[in-house]
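Visitor: Next comes the sequence, and after it the predicted model I'd like to discuss.
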Amino acid sequence: MDPKELCSTDMIDGTVAAHIKRPCNSLPTVIVIGAGISGIAAARSLYDASFKVIVLESRDRVGGRIYTDYSFGCPVDMGASWLHGVCNENPLAPLIRGLGLTLYRTSSDNSVLYDHDLESCMLFDMDGHQVPQQMVMEVGDTFKRILAETVKVREEHPDDMSILQAISVVLNRHPELKQQGLAHEVLQWYICRMEAWFATDADMISLKTWDQASAIILEHVLTGGHGLVVQGYDPVVKALATDLDIRLNHRVTKISNGYNMVMVTVEGGRNFVADAVILTVPIGILKANSIEFTPKWPEWKTTAIKDIGVGNENKVALRFDRVFWPNVEVLGMVAPTSYACGYFLNLHKATGHPILVYMAAGRFAYDLEKLSDESAANFVMQKLKNMFPHASRPVQYLVSHWGTDPNSLGCYACDLVGKPDDVYERLRAPLGNVFFGGEAVSMDDHQGSVHGAYSAGVMAAENCQRHLLQKHGHRENLPLVPAVRHEMFETTIPLQISRM
Ligand SMILES: Cc1cc2nc3c(=O)[nH]c(=O)nc-3n(C[C@H](O)[C@H](O)[C@H](O)COP(=O)(O)OP(=O)(O)OC[C@H]3O[C@@H](n4cnc5c(N)ncnc54)[C@H](O)[C@@H]3O)c2cc1C
């Protein structure tokens, strides 16, 4: 076999891989594992810098946890749908501007607890009666005060506890903040919304870090509030993926990290060899140990993976033949527990299409996945009928399964109670020729976001590039051509923001 062929990231026989060396002056090769936004951003950066790169993706599509479904005849995002931080500093802003995508701003508040303006939420009790708007606003203010008091609880307790425990400490201390009857149910709805952001239940969310992730106290947070990507996130992924060598239906089962090269094995036994690997599979996949690593990873890495939590969120999208609901952004149902609360996002307001999307998070999202799609759609229809007895049957429905999908096993990383401070640094740290990308390794508490995943991919590519250039000599010694900037990034068009 021609040695040049061996290092061109093509299939080779695994038994010879350990003896392969990359010939001098050939292009450094990188395998990116995962074609979500992070992997594609990493591959794009390396490709634009003239590295030879291939992407191995287990699914039959690109995008990962970005998934825009078109079966309703219009785009419906069943994974990510908001751009969090509608501002020019958002790393995705140039791409979104360049593609001419419209953002429908649901809130200009940067806090995650209010990614919808409260005036645009209509809540209903279990009997289908509308909750007075005055009460929605007042309980919202009380919830803010309760959360502010939890900061004091944190300062007093050296050990971490859950945000739910902290709320109960605050309510015992300040009985005047306790809510009764319907107001208590509205408070539970706010807790339900908080759980939706973290995609996990309030008894699992770390008191120590929740407000860092929610951007209430941090300075490096992106401004501009939250905007739905009206045309769906798919064009963003597709634009970034242009011209990349992406091999779909290639599920990686093993990564063998040698001194000179890394060998990656996919289901069916094919091997791929490269100078370096960037691993961007979801944290749920790492936690499930479904990829074998040789040599075994050190304990500091495996405990980091164990100590990071993974949440779940699912959507049930319903398309109707006509609109029978009011022109608000969110239709919520209050209940005595946050588990029993829920809400629909009214896509009609943002897109003009008669679509409602029910959102479920945490344990409830897992429970929803246990139902057949038809039962899940019937379940949420009952909730809707409770609010609107004359609701028509949906013409079509879609149900996501992020928790049990073997390519995601959860929706995104979350901070569990007692999370060690350095857990994300350890997850991010490279091992030999293996670099780590993906939303969970993103910097500055941007885990669980598209822009965080994107930046994590770019950062992994930069670290990988630096490593390869150090290892294989200076840039001048390698046949690299000057970096080609992706034309989408060069545009100066402003962000298009709408609000109907
Ligand atoms: C329901 C839901 C709603 C969300 N809402 C928002 C939102 O509104 N705004 C926002 O900013 N973020 C949101 N997020 C988070 C956002 O979608 C993610 O943070 C981001 O898309 C993650 O990108 P990634 O590239 O890190 O991972 P992924 O997109 O998951 O990419 C990883 C890829 O690896 C592949 N893979 C897995 N195993 C293997 C294997 N063994 N071999 C090869 N490939 C493999 C997967 O198929 C996948 O394509 C949401 C997520 C979900 C699930």
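Guide: Yes, it's here. Nothing here was measured: the structure is a model prediction, and the numbers come from that model. Residues are numbered from 1 along each chain as shown.

Visitor: and stretch 270-277, how far out from the chain's middle?
Guide: How far stretch 270-277 lies from its chain's middle: 27 Å, per Cα atoms, centre = their mean, to the nearest Å.

Visitor: Dump that stretch to CSV, restricted to CA.
Guide: Extracted in CSV, the C-alpha atoms of stretch 270-277 (Å, rounded to 0.1, in the frame of the first residue of the first chain):
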residue,chain,number,x,y,z
ARG,A,270,-13.8,0.2,9.1
ASN,A,271,-10.8,2.1,10.4
PHE,A,272,-9.9,5.7,9.7
VAL,A,273,-6.5,7.2,10.6
ALA,A,274,-5.5,10.8,11.1
ASP,A,275,-3.0,13.0,12.9
ALA,A,276,-5.6,14.1,15.4
VAL,A,277,-9.3,13.7,16.3
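
Visitor: Ala460 and Ile40 touch, don't they?
Guide: No: using Cβ atoms under 8 Å, Ala460 is not in contact with Ile40, being 11.9 Å away. Quick note: C-beta positions are derived from backbone N, CA and C, even for glycine.

Visitor: quick one, which of the two is more surrounded?
Guide: Ranked by neighbour count (other Cβ atoms under 10 Å), Ala460 and Ile40 place Ile40 first, with 32 against 29.

Visitor: OK, contacts around that one?
Guide: When contacts are counted by Cβ atoms under 8 Å, 6 or more residues apart in numbering, Ile40 touches 32, 55, 62, 237, 240-241, 244, 246, 457.

Visitor: List the buried residues in stretch 278-298.
Guide: Using 16 or more other Cβ atoms under 10 Å as the test for burial, stretch 278-298 gives 278-287, 291, 293, 297.

Visitor: circling back: what's the overlap in contacts for Ala460 and Ile40?
Guide: With Cβ under 8 Å, 6+ apart as the test, Ala460 and Ile40 reach no residue in common.

Visitor: Distance of the residue nearest to the spatial centre of the chain relative to Arg247?
Guide: By Cα atoms, centre = their mean, the chain has its centre lying nearest to Gly448, at 3.8 Å. Separation of Gly448 from Arg247 (Cβ to Cβ, to the nearest Å) stands at 27 Å.

Visitor: for Glu195, same thing?
Guide: 37 Å.

Visitor: what does Ser168 give?
Guide: Remark: distance between Ser168 and Arg247 (Cβ to Cβ) = 51 Å.

Visitor: In stretch 145-157, which residues are buried?
Guide: Buried residues in stretch 145-157, counted by 16+ other Cβ under 10 Å: 146-147, 149-150, 153-154.

Visitor: Oops, could you answer that again for stretch 331-348 instead?
Guide: In stretch 331-348, counting by 16+ other Cβ under 10 Å, buried: 331-335, 338-348.

Visitor: Now for the residues you listed: which two are most distant?
Guide: Distances among these were taken as Cβ to Cβ; the most separated pair is Tyr339 and His348, at 27.4 Å.

Visitor: circling back to that earlier point, now, which of the contacts of Ile40 sits nearest Val139?
Guide: Nearest to Val139 among those: Val237, at 38.8 Å, using Cβ to Cβ.

Visitor: right, quick check: whichever strand or helix holds that closest one against the ligand, any contact?
Guide: For Val237, the enclosing helix or strand under DSSP states H and E is helix 234-241. No: counting by Cβ under 6 Å from any ligand atom, the ligand is not contacted by helix 234-241; separation bottoms out at 8.7 Å.
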